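Visitor: Need a 3D model of the following:
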Amino acid sequence: MKILDIGEVSASTGVPPSTLRYYDETGLISSIGRHGLRRQFSSDVLLQLALISMGKSAGFSLDEIGKMFSSTGKPELPRAELHQKADELDAQIKKLSALRDTLRHVADCPAPSHMECESFRRLVKLAMRVKGQRSTKRTFKKHD
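Guide: Presented below is the predicted three-dimensional model:
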């Protein structure tokens, strides 16, 4: 097992040392000791930090991410929650795609007024439908 000090972990991952110390103090990661004042980590921490970063990008809180690791630091990923988060991301992608298409159309539309443009009106209605689908998904959660 290769041992990395906090500076090496920070350089390898781009995670600032202050964040690594915070993660260590809150139990998201665990140092294996110190060399002088510098915390030491096993190389396994690099995988943990990659999973933490992915979880944050997906919208999980640090508390939720912390529950995805066993006491030994090994991932215990909750498949049902991951499916639910993927569904939420799909809904967000649809909403953002509709918004992007509307913005591009508004920027390029030759009509004197956007309210006179049928394409614009159709895109706005589509965007509202996508927003409504997202609300419906939140109301009716999947049960395993």
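Visitor: Going by C-alpha atoms from here, please, whenever you check contacts or count neighbours.
Guide: Fine.
Visitor: domain assignment for the protein?
Guide: Structurally, the chain divides into domains by automatic domain parsing as follows: 3-66, 79-139.
Visitor: If you average pLDDT over each of these, which is lowest?
Guide: Of all the domains of the chain, domain 79-139 carries the lowest average pLDDT, namely a mean of 80.
Visitor: chain center to it: distance?
Guide: 20 Å (CA atoms, centre = their mean, to the nearest Å).
Visitor: Tell me which of the domains of the chain sits most buried.
Guide: domain 3-66 (a mean of 16; mean count of other CA atoms under 10 Å).
Visitor: and the end-to-end length of that domain?
Guide: 22 Å (CA to CA, to the nearest Å).
Visitor: now that domain: how far from the chain's centre is it?
Guide: 17 Å.
Visitor: mind listing the strands for this protein?
Guide: For the chain, the strands defined by DSSP state E occupy 3-5, 33-35, 38-42.
Visitor: need the contact list for the nearest residue to residue 74 once chain neighbours are set aside.
Guide: Distances taken as CA to CA, 6 or more residues apart in numbering put residue 48 closest to residue 74, at 8.0 Å, once the chain neighbours are dropped. Contact analysis of residue 48 by CA atoms under 8 Å, 6 or more residues apart in numbering lists 29, 73, 74, 75.
Visitor: ok now do residue 32, which residues does it touch?
Guide: 39, 40, 41, 42.
Visitor: er, residue 111 I mean
Guide: Here residue 111 is in contact with residue 117 (CA under 8 Å, 6+ apart).
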